[in-house]
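Asker: Let me see the structure of the following:
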Amino acid sequence: VAEGVELAAGADDRAAAVLASLPQPFTVSEARKALDTSRRVAVPLLEHLDRRGLTVRTGDRRTVRGGRGPSGGL
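Answerer: Next up, the predicted model:
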């Protein structure tokens, strides 16, 4: 995903599902807390989700696409 940040197979889909349970749109801080991770990991993960089309960034907030629901943590 980024230098020093790797994801296990399927972790991006699970992250999107967790983020879908947040009030939309959400901030990096809200995502970081929901995913129980650091900002150093959350930012590149969110950028990856944007590139995959799982989230859409508008300003400093993001929205999960496709009506995903929670399916567990990372």
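Asker: Quick check: phi and psi on Arg65?
Answerer: Backbone dihedrals for Arg65, given as degrees, to the nearest 10, come out at phi -90, psi 150.
Asker: What about it, how many residues nearby?
Answerer: Counted with other C-beta atoms under 10 Å, the neighbours of Arg65 add up to 15. Any C-beta I mention is one placed from the backbone N, CA and C, and that applies to glycine too.
Asker: when you give positions from now on, start the count at 47
Answerer: Done: numbering now begins at 47, and the last item shifts to Arg111.
Asker: confidence score at it?
Answerer: Among the per-residue scores, Arg111 holds a pLDDT of 92.
Asker: again, but for Glu52
Answerer: For Glu52, pLDDT reads 89.
Asker: likewise Thr101?
Answerer: The pLDDT attached to Thr101 in the predicted structure is 97.
Asker: Identify the residues contacting it.
Answerer: Neighbour list for Thr101: Ala62, Leu65, Leu92, Leu95, Arg108, Thr109, Val110, Arg111 [criterion: C-beta atoms under 8 Å, 6 or more residues apart in numbering].
Asker: Could you identify the longest helix within the chain?
Answerer: helix 85-98 (DSSP state H).
Asker: what comes up buried for that helix?
Answerer: Within helix 85-98, the residues that count as buried by 16 or more other C-beta atoms under 10 Å are Val87, Ala88, Val89, Pro90, Leu91, Leu92, His94, Leu95.
Asker: Adding distance to Leu81, write the contacts of Thr101 out as a markdown table.
Answerer: Rendered in a markdown table, the data for the contacts of Thr101 read as follows (distance: C-beta to C-beta, whole Å):
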| residue | distance to Leu81 |
| --- | --- |
| Ala62 | 10 |
| Leu65 | 7 |
| Leu92 | 9 |
| Leu95 | 11 |
| Arg108 | 12 |
| Thr109 | 16 |
| Val110 | 13 |
| Arg111 | 17 |
